[in-house]
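Visitor: take this sequence and fold it.
(one chain, ligands or ions: 1)
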Amino acid sequence: MNYLERFSLAGKRAIVTGGARGIGLEICRAIGQAGAAIVLVDLDETAARSAASSLVSEGLAVSHRFLDVTRSADVTALADDLNKESPIDILVNNAGVGPRAEALETLDEVWVKTMSVNSDAPFWCSRAFGRHMTERGSGNIVNIGSMCGLIVTQPQNNTSYIASKGALHMMTKSLACAWAKFNVRVNAVAPGYIATDMLDRFKTDNAIWHDRWIQQTPLGRMGTPEEIASAVLYLASDASSYCTGTILAADGGYTSL
Ligand code: NDP
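Guide: Residues are numbered from 1 along each chain as shown. The predicted structure is shown next:
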């Protein structure tokens, strides 16, 4: 057996939500380099176009579409439309928001938006694309959860974010069990602190927190988007063929403490 071939995604077609920047962009690059054709979707169409064209200039097969993942009907329409062209084999639910608010200061709209983007939308997408995958008898879904779905982070304790990622992890396990009989695997990556726009602003806004995160991480540094993209590639490929319902922590050891 050639183990490296098990990571190949040649001939596969994937959709990545929130793919215009940060971790999502790097996931597109990783699974594109493994041979998959990518549909990159994002809320910001200009950023999506520019990200897709830069990946195309690297030799990858990438197209882009506008999609607000919180709009269930639009998600279903896109899934039906794309699958009419050719099957989508891999769905990566990456789009997410990371608000900063302790429980007593959390406004209704912040709670609703966080749950809407981080846990409702991955369900809308999984249901819409999963319908085609289960009918076809093959497919692979990777959700981007968080170590916040496993533990309560300190010093910040963002209840809405923590609850949304905990729900996403349990949705992952539930769908994994429901769809195993259709040969559709569903897994999640649970990143620790990763250097993207979502967290980089803390370097200046709240340097004390930023320093504490690094001190609390056994590997002693933030992770990179590439380190999350590698974990996604593993779960999206046959290299992980016996994994379903797995929540793969990629957190520098944070949740081991
Ligand atoms: P970024 O904020 O850098 O990127 C998120 C992307 O999602 C953006 O392109 C954003 O678009 C898009 N997006 C947001 N809302 C929607 C929507 N309604 N429809 C479609 N796209 C949307 O975040 P990261 O790259 O850091 O995070 C990616 C994922 O990883 C998220 O799920 C996050 O929770 C998770 N994660 C991140 C960690 C980190 O330390 N960075 C740690 C743990 C988990 P726009 O730019 O237009 O807002």
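
Visitor: so Val186 sits against Ile141, correct?
Guide: Yes: the criterion here is Cβ atoms under 8 Å, and Val186 meets it with Ile141 at 4.5 Å. Where C-beta positions appear, they are placed from N, C-alpha and C, glycine not excepted.

Visitor: between these two, which one's more packed in?
Guide: A direct count of neighbours by other Cβ atoms under 10 Å for Val186 and Ile141 places Val186 higher, at 29 against 26.

Visitor: flag every residue of this protein that's near the ligand.
Guide: Taking Cβ under 6 Å from any ligand atom as the contact definition, the chain meets the ligand at 17-18, 20-24, 42-44, 67-70, 94-98, 117, 144, 146, 191, 193-194, 196-199.

Visitor: and the residues you listed, which are buried?
Guide: With burial judged by 16 or more other Cβ atoms under 10 Å, the buried subset of the residues of the chain next to the ligand is 17-18, 20-24, 42-43, 67, 69-70, 94-98, 117, 144, 146, 191, 193-194, 196, 199.

Visitor: re the thing from before, overlap of the contact sets of Val186 and Ile141?
Guide: Counting by Cβ atoms under 8 Å, 6 or more residues apart in numbering, the common neighbours of Val186 and Ile141 are 126, 175.

Visitor: start to end distance for stretch 82-100?
Guide: End-to-end distance for stretch 82-100: 35 Å, by Cα to Cα, to the nearest Å.

Visitor: before we move on, which element is Val16 in?
Guide: strand 13-17 (DSSP states H and E).

Visitor: quick one: that strand to chain centroid distance?
Guide: Here the centre of strand 13-17 is set off from its chain's centre by 10 Å, with Cα atoms, centre = their mean, to the nearest Å.

Visitor: try stretch 249-256
Guide: 17 Å.

Visitor: give me the contacts around it.
Guide: Identification of contacts with stretch 249-256 by Cβ under 8 Å, 6+ apart yields 147, 150-151, 189-193, 216-223, 227-228, 231.

Visitor: ok, 6 Å please
Guide: Applying Cβ atoms under 6 Å, 6 or more residues apart in numbering, the external contacts of stretch 249-256 come out as 147, 150-151, 189-192, 217-219, 223, 228, 231.

Visitor: quick one, helices of the chain?
Guide: Under the criterion DSSP state H, the chain carries helices at the ranges 22-33, 45-57, 72-85, 108-115, 121-136, 159-179, 197-205, 207-216, 225-236.

Visitor: let me see the contact set for the residue nearest the centre of the chain.
Guide: The geometric centre of the chain, computed from its C-alpha atoms, lies nearest to Asn94 (Cα atoms, centre = their mean), at 2.5 Å. Counting by Cβ under 6 Å, 6+ apart, Asn94 touches 16-18, 24, 27, 144.

Visitor: before we move on, back to that, which ones among the residues of the chain next to the ligand are found in strands?
Guide: 17, 42, 144, 191 (DSSP state E).

Visitor: JSON lines for those, including pLDDT?
Guide: Output for those, formatted as JSON lines (pLDDT from 0 to 100):
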{"residue": "Thr17", "pLDDT": "98"}
{"residue": "Asp42", "pLDDT": "98"}
{"residue": "Ile144", "pLDDT": "99"}
{"residue": "Pro191", "pLDDT": "98"}
